[in-house]
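# Below are the sequence and a predicted model; questions follow.
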Amino acid sequence: MFSTVRYFIKTSIIFLIIGILSGIFMLFSRRILGFGYGADLINAHTHIILVGFMLMMIMGVALWFFPRAEKTDKKYKPILILIVYFLITISTSLRFIFEFIDSYYPLKIFDYLITISATLQVISIGIYFFSMWGRIRPVGSQYREAKGERF
């Protein structure tokens, strides 16, 4: 397992822990302390789990398991995947922070900051899958399929 894969997987686990802690915070604040929270906190919790944990885990495992890029593949560049890692990590973290704060102290500036961080998430995900597209190919299975083997 190479470094970038470990970055994706370990960061996704950190995001899972943050998501679990934010969920416990929400539960405790509502059920025990009796005060609520804004919809932005639900958004923050959901995105840190789904994008931060699930998607980044999938991206890391795909990077690890998919066949190597062919030498002719111009789209796949390891440095680009590393840039995507930093971009999605930073944008997901900022989105969580901005939505968390906005749920208690709504300011118009957070609308812009949340939108920018969400857009950066989408851009980084798009770049990742554009770059990985050539690695989604059969390696060996086409020979087994030609012999009649069914999967």
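Nice, I can see it. Nothing here was measured: the structure is a model prediction, and the numbers come from that model. Numbers count the residues shown, from 1 in each chain.
# taking the mean pLDDT, what do you get for the lengthiest helix in the chain?
Ranked by number of residues, the top helix in the chain under DSSP state H is helix 3-31. For helix 3-31, mean pLDDT is 96.
# Counting neighbours, which bits of it end up buried?
Within helix 3-31, the residues that count as buried by 16 or more other CB atoms under 10 Å are 4-5, 7-9, 11-12, 15-16, 18-19, 22-23, 26. (C-beta placed from N, C-alpha, C; glycine too.)
# Go through those and name the one nearest Ile79.
Using CB to CB, Thr4 is the member of the buried residues of helix 3-31 that lies nearest Ile79, at 9.5 Å.
# residue contacts, the closest one?
Neighbouring residues of Thr4 by CB atoms under 8 Å, 6 or more residues apart in numbering: 60, 63, 78, 81-82, 85.
# again, but for Arg30
Here Arg30 is in contact with 36-37 (CB under 8 Å, 6+ apart).
# Turn the buried residues of helix 3-31 into CSV, columns for distance to Leu120.
Below are the buried residues of helix 3-31 laid out as CSV (distance: CB to CB, whole Å):
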residue, distance to Leu120
Thr4, 19
Val5, 22
Tyr7, 17
Phe8, 17
Ile9, 21
Thr11, 16
Ser12, 17
Phe15, 16
Leu16, 21
Ile18, 18
Gly19, 19
Ser22, 21
Gly23, 24
Met26, 25
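# ok, now how distant is the residue lying closest to Tyr7 once chain neighbours are set aside from Phe100?
In space, and not counting its chain neighbours, Tyr7 is closest to Tyr85: 5.4 Å by CB to CB, 6 or more residues apart in numbering. Distance from Tyr85 to Phe100, counting by CB to CB, to the nearest Å: 23 Å.
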